[in-house]
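Peer 1: Please find the sequence and the predicted model below.
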Amino acid sequence: MGKLVLGTAARYAAEPFPSSFCFPSRVLLRYTGRMNSLRDDLQEVLLTEAQIQQRLDELAAQLQRDYAGKDLTLVPLLTGSVLFVADLLRRLPGPLRLDFLGVSSYHGQTSSSGDIHITKALQLNIHDRDVLVVDDILDTGLTLVRVRDLIVALRPRSLKFCVFLEKEIPHHAEARADYVGFRIPDKFVVGYGLDYQERYRNLACVGVLKPEITAKAAVDTRRAG
Ligand code: IMP
Ligand code: MG
């Protein structure tokens, strides 16, 4: 048995797939090429995958302490917070509820459009619950302020905000996050959930795009927040 396992491990090391696994080579090549090109579009990596994962350990420990014995409902905002919340959830061992809220803000470019609209309403009743809104980034702060108004009207027991990133810029006067993963300079970033025209969300790091990528922007695509 031990011999068989060793033999299998050695074969994985020597080949990308075990020889019993048949993958059409054309499909494999195309897939690999696309994934490589995403990373190549970055001019700078601001946060590596290792830095992000280490910070998440700290954030999750803090949340666990603060919400011990409470009835936590996580409300991540679609779509940018999906990687962040998925990694956070895995680190929170206590009971919690999860309900996504869909909000849309920017319109396909790299600056704010100034308003948001709801693309997916909450399904759970959050009245008298401890609600933690999770978002990808606090930029102008408009999203946070609008979402706060919307959720306060549903009368939760408590309401806090957790953002993966916060840009070091003056925000909307009433925008404040209770938990912040990283504070970053005022640059347009992609990766780890954050997109540019719906691309780059699946990068495990956070980086800044090369200027030639953003220069050839399409104007009319609405981006989901
Ligand atoms: P707000 O300006 O704080 O309302 O942020 C609105 C939304 O814009 C965020 O939730 C993100 O989805 C998006 N956003 C803001 N800054 C960036 C960025 O640097 N990269 C990608 N998306 C961003
Ligand atoms: Mg967002």
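Peer 2: Received it, and whenever you're ready, just let me know what you need. Numbering: from 1, shown residues only. Ligands and ions are numbered 1, 2, ... in the order given.

Peer 1: all contacts plus neighbour counts: C-alpha atoms, from now on.
Peer 2: Will do.

Peer 1: what about this protein, any weak spots by pLDDT?
Peer 2: Along the chain, the model assigns pLDDT under 70 to residues 1-36, 106-114, 217-225.

Peer 1: Pull up the residues of it that are close to ligand 1.
Peer 2: Proximity of the chain to ligand 1 (Cα under 6 Å from any ligand atom) is limited to residues 80, 105-106, 112, 136-143, 187-190, 194-195, 225.

Peer 1: Name all residues that make contact with Ile213.
Peer 2: Ile213 makes contacts with Asp41, as judged by Cα atoms under 8 Å, 6 or more residues apart in numbering.

Peer 1: could we number from 69 for the rest of this?
Peer 2: In the new count, where the first residue is 69, that last one comes out as Ile281.

Peer 1: which SS class is it?
Peer 2: The assignment at Ile281 comes out as helix when based on DSSP: H, G, I helix; E, B strand; the rest coil.

Peer 1: picking up where we left off before, which among the residues of the chain next to ligand 1 end up buried?
Peer 2: Buried residues within those, defined by neighbour count using 16 or more other Cα atoms under 10 Å: 148, 173-174, 204-211, 256-258, 262-263, 293.

Peer 1: Now, those residues that are in helices?
Peer 2: In this view, those that belong to helices under DSSP state H are 210-211.

Peer 1: which stretches of this protein form strands?
Peer 2: 110-115, 140-146, 164-166, 169-172, 185-188, 198-206, 226-235, 247-252, 257-258, 274-277 (DSSP state E).

Peer 1: Alpha carbons of the first one, as CSV, please.
Peer 2: Which is strand 110-115. What follows is strand 110-115, C-alpha atoms only, in CSV (Å, rounded to 0.1, in the frame of the first residue of the first chain):
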residue,chain,number,x,y,z
LEU,A,110,0.2,43.6,-14.0
GLN,A,111,2.8,46.2,-13.9
GLU,A,112,3.1,45.9,-10.1
VAL,A,113,2.0,43.4,-7.4
LEU,A,114,0.9,45.3,-4.3
LEU,A,115,-0.1,42.3,-2.2
